[in-house]
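*Asks:* I'll drop the sequence and a predicted model, then ask my questions.
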Amino acid sequence: MKRLPSARAGVATLLVIAAGGCGDRNRLWDVPPTTSSPLGLADAVAVPDPGAERVLLLTTDASRSLTVTPVPIQRGARTFAVAADRSKLFVVSAGDDGPPPPWAKAPQEPALEIVTRDPAGRSRYPLDQPFGGLALDPLGQWAVLYADDTSSGLVQNPNELLLVDLTAPPSSGATSNPTPHTLRSFGGRPQRFTFTEVLQLPGGPRRLLIVETDQDVALVDLLHPSDPEITIQLSSGQDTRVIHPAGVAITDGDAATDDARIAIRVDDSSVVIATLVPATGRDFRPDLNLSDVGGVPSDVAWVRTDAGALALAALVPTASKAVIVDPATGVAEDVALPAAYQRLSMVTAEAGAAATGTASAAPVDVALLWGGANGGVAFWELGRVAGQPYRSVETVGVTSGVTSVVDVNGLHPELKILGTNAATLFLLDLAARTSAPFTTSAPGVRFLPATRGDRAWAFMPDRAQLASIDLATLHPQALPIERAVSSLFDIAAADGSPPAGARSLVAVHQVGTWGATVYDAAAVAAAEDHTNYAGLLTEGIDAP
Amino acid sequence: MRPDAHRSSRRFAVPGFAITSFVVASLALAAGGARAATNVPTPVAGAYGPDPGGTATLATATVAPERPPLRVELDLGFRSNVLQSAALGAFSSDRTLTQSALFAGYRLGSLMSGLTVGIEWNAGSASAQARGSTSSIGVDRLAVSLQGRVPVWRRLVAFGRLQPGAIRVKTTLQEASVAPGSGQGLPTELSQAKWLPAADASGGFGVHFGDVRGSSTPMFGFWLVAEVGYSYAPSYALVLAPPSDGLPHRADAAVHLGNISPSAVFTRFALGVTF
């Protein structure tokens, strides 16, 4: 009888243990698969997984082995972008006050994070504002953050910018990095950001950030990012009509003189040319000239015409013409075009202007005209403009409307892949002025040039179809693939694994917890060999 | 996805027959047995009693047969495991796994004290949602049981058990990103099956709550058993692979979910019968 209390206590203990002892499960198992699109770095495929507070880096080696490396990022990630040279992934996150118990965590502040394959290259810049907009400098020095539609503040000033010098560590105080800069606004809000190369300005070499708002254009001196910007107002102020900037083109002019110019394309029939000239009280000011081009220009570019003269070329598709504007005098000369081309790409180096019979020793440009509804493409030799403009345009036998021009680069910089609105693509040889057609099973096939430039990959989004095109022999080869392709990447395989310079083709399948198919991007005989991976988003959650 | 879609749905699998009907039937039998033990007079040698016709006659003197003690023990119940490895969270929303518990043993010693040698089989599974994909884990355990028991109070005994054995762990992930095999439509399963050595150490209590008596000695004894212990199994790499179809030019890689250990703290409740 004396042992009864202890026996009851023992039974009670068993019941408590049975009812209680449930373990904690990692909450990431309850996070649905990410819907963010993967991004291609030079040596990895980055899979944003913001719900799990991480980015997955998919890396490969020469044996088609794929490794999944989770890199933690902050909570509230909104924007993911890759540097122009594909060396870094930028992540803009808003942070938060921390999730509620039982998953309580420390609060996180907004930040710009840099993710690289090499852990030594990763860094984080704290931000004052939970901005979501991000614009990157093609030269890799600057990043601009701004309030966009994804930003979460209760009240935000869309003209407030944060300029991040990516070559300097984060700092605070008088020379803080990021540097806050609020644009003086006349009612507009930023639409586009353009970083110039180094320009020889009256105050010395300078880089500018050109901010196109929906009403005007602002010039921010990146040498003094906290100084007030220069605003170029496009509307006259005499009426209620608002003119919207639609794009800019920049030239440093002749290196010996202070004649850097910015051409501003607007949505009426004119082009504004701002010449950056010396000023009192500051280093430079814009001297504005307005040139009427006879219609709304769809694209503009600075070009070198006869004898190397600098001119502004503007396409006016509504009149099926191009216009050459002398920046000094503002005089415009029309050049009739065989079609209503919308876009203009400079292909001077690849097209070999000297081989076209241009007599002048001075540099002259060749432009590729494209984007017309059914006009194919045309070469525009700007060295022949003066005096005989009607002879300066040469069409190529592309019959469909060209919707995209993809540079091949690598071994074949003279090649361009022309996407069309039909089930046809063309491989345009700028040097030989030939265009080889390829037919596809359906419209919408996408192309990815191999980094080496020796071949191109073709795939149909959301279908299990993949092909390789040898750009030397123009021979297409179907590659076996079992799952629908969402996106395709050509990346460097792991450093140090033989052979050096190995590359992988990675097809990503955004279904379930995501899969990938890996090919040897350099293989010829074993081009069809591939390795399938599945369940990518499940890796690294509980793994050590 | 429904809010409750992520929750685990643990299944209590009892191969062969339903535990519910067993428990009900056993309790009813135990109650009837208890009544029988109360109402049936115990024949005593040389005693007199009424005959069926109401006439007093000399009853036949009987001697109770010598019954052997209750040697064989059968237990049926359930066992709840709290898995210790975090990686198993992919397969169970609360990292618990419930198994059926079936035990057969032979008792040495008396009813309330002595040793029991036997075999225990446990089987059970759990499933969950892992990032939107259905996952499951199934664990079978076969072990030799060595149990010692001592009386604690009247019908209560305390016991300790050691159970060396083996377990088979099968983990699966129904995953849409798995490449379909040749001519199989869309088979989308990653799986791994692993045999491991295992050992349990546990202790508990048993309550002898009723008998069925055929004569002066019980024919069946009924027990409620509660037990807690720790089950050890070595850790291994959780590598889930798709079925191989041997297609040319194709290789299928496995998914690595980390190292796991099926070790668990467990509780076990069972209804037993000895005969």
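*Replies:* Yep, it's here.
*Asks:* hey, where'd the strands end up in the stretch 1-150 of chain A?
*Replies:* In the stretch 1-150 of chain A, the segments counted as strands under DSSP state E, counting those that start in this stretch are A:39-40, A:45-49, A:54-60, A:66-72, A:77-82, A:89-93, A:111-115, A:123-126, A:133-136, A:142-146.
*Asks:* Now tabulate the ones you listed in TSV and tack on distance to A:A319 and mean pLDDT.
*Replies:* All C-beta spots, glycine's among them, are computed from the backbone N, C-alpha and C. Below are these laid out as TSV (distance: least, CB to CB, whole Å; pLDDT from 0 to 100):
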stretch	distance to A:A319	mean pLDDT
strand A:39-40	40	96
strand A:45-49	44	96
strand A:54-60	48	96
strand A:66-72	52	95
strand A:77-82	37	95
strand A:89-93	41	96
strand A:111-115	45	97
strand A:123-126	48	95
strand A:133-136	33	96
strand A:142-146	36	96
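*Asks:* Quick check: residues of the stretch 151-275 of chain B near chain A?
*Replies:* Residues of the stretch 151-275 of chain B lying near chain A by CB under 8 Å from any CB of the partner chain: B:152-153, B:156, B:158, B:173, B:175-180, B:188, B:190, B:204-205, B:226-228, B:240, B:242, B:249-253, B:255-260, B:265, B:267, B:269.
*Asks:* among these, which ones are buried?
*Replies:* Buried members of these, scored by 16 or more other CB atoms under 10 Å in any protein chain shown, are B:152-153, B:156, B:158, B:173, B:175-180, B:188, B:190, B:204-205, B:226-228, B:240, B:242, B:250, B:252-253, B:255-258, B:260, B:265, B:267, B:269.
*Asks:* Look up how far chain B lies from the residue most central in space within chain A.
*Replies:* The residue lying closest to the centre of chain A (CA atoms, centre = their mean) is A:A84, at 6.5 Å. Applying CB to the nearest CB, to the nearest Å, the value for A:A84 to chain B is 31 Å.
*Asks:* residues touching that residue, list them.
*Replies:* Going by CB atoms under 8 Å, 6 or more residues apart in numbering or on different chains, A:A84 touches A:L136, A:D137, A:P138, A:L139, A:G140.
*Asks:* Name whatever forms a beta bridge with the closest residue to the second one other than its chain neighbours.
*Replies:* When the adjacent residues along the chain are set aside, A:D137 lies closest to A:F195, with 4.3 Å between them (CB to CB, 6 or more residues apart in numbering or on different chains). Residues in a beta bridge with A:F195, per DSSP bridges, are A:L209.
*Asks:* Just give the number of residues close to A:F195.
*Replies:* 21 (other CB atoms under 10 Å in any protein chain shown).
*Asks:* Tell me the pLDDT of it.
*Replies:* If you check A:F195, the pLDDT there is 97.
*Asks:* gap between it and B:A87?
*Replies:* Using CB to CB, to the nearest Å, we find A:F195 at a distance of 46 Å from B:A87.
*Asks:* And for A:A260?
*Replies:* 60 Å.
*Asks:* residues touching B:R71, list them.
*Replies:* Listed by CB under 8 Å, 6+ apart, the contact partners of B:R71 are B:Y106, B:R107, B:T274, B:F275.
*Asks:* typed the wrong thing, it's A:G253
*Replies:* A:Q200, A:D259, A:A260, A:R261, A:L310.
*Asks:* Which residue, other than its chain neighbours, is closest to the second one?
*Replies:* If you skip the residues right next to it in sequence, A:D259 has A:G253 as its closest partner in space, 3.4 Å away by CB to CB, 6+ apart.
*Asks:* Angles on the backbone of the one you found, please.
*Replies:* When read as degrees, to the nearest 10, the backbone of A:G253 gives phi 70, psi -150.
*Asks:* how close does it get to A:D137?
*Replies:* 22 Å.
*Asks:* cool, and B:Y232?
*Replies:* 58 Å.
*Asks:* So between these two, which is more surrounded?
*Replies:* The neighbour count for B:Y232 versus A:D137, taken as other CB under 10 Å, is higher for A:D137 (22 against 15).
*Asks:* Give the rounded mean pLDDT of the helix or strand hosting B:L190.
*Replies:* Under the criterion of DSSP states H and E, B:L190 resides in strand B:189-213. The pLDDT scores in strand B:189-213 average 92.
*Asks:* tell me what that strand is packed against?
*Replies:* Packing contacts for strand B:189-213, counted by 3 or more CB pairs under 8 Å, 6 or more residues apart in numbering or on different chains; DSSP states H and E, involve helix A:4-20, helix B:19-39, strand B:133-153, strand B:156-174, strand B:218-232, strand B:236-240, strand B:264-274.
*Asks:* now it: how far from the chain's centre is it?
*Replies:* 5 Å (CA atoms, centre = their mean, to the nearest Å).
*Asks:* Buried ones in it, by neighbour count?
*Replies:* Buried residues in strand B:189-213 (16+ other CB under 10 Å): B:190, B:192, B:194, B:196, B:198, B:200, B:202, B:204-213.
*Asks:* Where does the prediction get shaky in the chain?
*Replies:* Chain wasn't specified; assuming chain A. A:1-24, A:151-152, A:237, A:256-257, A:352-363, A:384-391, A:495-500, A:543-544 (pLDDT under 70).
*Asks:* Switch to chain B, please.
*Replies:* Low-confidence segments of chain B (pLDDT under 70): B:1-70, B:181-187.
*Asks:* so who does A:F186 touch?
*Replies:* By CB under 8 Å, 6+ apart, the residues touching A:F186 are A:Q215, A:D216, A:T231, A:Q233.
*Asks:* Quick check: it is in a helix.
*Replies:* No - counting by DSSP: H, G, I helix; E, B strand; the rest coil, A:F186 is not found in a helix; it is coil.
*Asks:* Much appreciated, bye for now.
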